[in-house]
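Enquirer: Sequence plus the predicted model coming up.
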Amino acid sequence: METINGTIESVSCTEGTGKDGKAYKRWLFVIDGKKYSTFDSKIGEAFKTGQKIEMEGQQKGQFWNMETMKEFAGVVKMAQSGSKSQNGTASMYVSYAKDVFCAMWSSKGPETPEIAGQIMNLSIDLVKQAKEAFE
């Protein structure tokens with residue numbers, strides 16, 4: 001498997017019926033002048049022309065098949081089918097920190113942006129402590 005970094009120059013989608021009679025959608029990405037394809041709708045629908053990406057794939061004959069793709073900045077948009085993000089619970093902890101922040105904020109009343117930042121940092125620290133206590 002190889003990792004390719006580049007900019008998406010174009011995206012196209014074709015629909016058809018396979019030899020087995022099942023319908024399919026295939027996305028074709030042109031990245032820095034080379035063509036890469038995938039049947040994965042999560043990849044096909046998430047990425048657009050102009051995005052800088054990092055893609056993993058392998059060549060099968062004359063075609064390159066995508067396995068994963070993410071924004072070049074490192075934000076994961078799609079993981080391999082069937083796999084889970086390494087930090088799949090991050091959004092849960094963000095939600096907890098937000099709830100703690102809102103409870104603390106409402107008890108303090110209107111404050112300055114600096115105080116709001118301090119309350120948010122305290123909220124995050126409290127959630128981290130609770131997480132570590134239960135691990």
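Expert: Thanks, I have the structure now. No experiment lies behind these values; they were computed from the predicted model shown.
Enquirer: Flag every buried residue along the helix ranked longest in the chain.
Expert: Scanning the chain for the longest helix, with DSSP state H as the assignment, gives helix 113-134. In terms of neighbour count (16 or more other CB atoms under 10 Å), helix 113-134 has its buried residues at Ile119, Met120, Ser123, Ile124, Val127. For every residue, glycine as well, the C-beta is placed using N, CA and C.
Enquirer: In contact with the second one: list those residues for me.
Expert: Okay, so that is Met120. Ala97, Phe101 (CB atoms under 8 Å, 6 or more residues apart in numbering).
Enquirer: Report the separation between it and Glu132.
Expert: Distance, Met120 to Glu132, by CB to CB, to the nearest Å: 19 Å.
Enquirer: go on, Gln62?
Expert: Distance from Gln62 to Glu132, by CB to CB: 51 Å.
Enquirer: from the buried residues of helix 113-134, which is closest to Glu54?
Expert: Of all those, Glu54 sits closest to Ile124, with 28.2 Å by CB to CB.
Enquirer: Give me the spatial nearest neighbour of that closest one, chain neighbours excluded.
Expert: Nearest non-adjacent residue to Ile124, counting by CB to CB, 6 or more residues apart in numbering: Ala97, 4.8 Å away.
Enquirer: my hunch is that the one you found is in a strand, does that hold up?
Expert: No. Using DSSP: H, G, I helix; E, B strand; the rest coil, the assignment for Ala97 is helix, not a strand.
Enquirer: Could you give the number of residues near it?
Expert: By other CB atoms under 10 Å, 19 other residues sit near Ala97.
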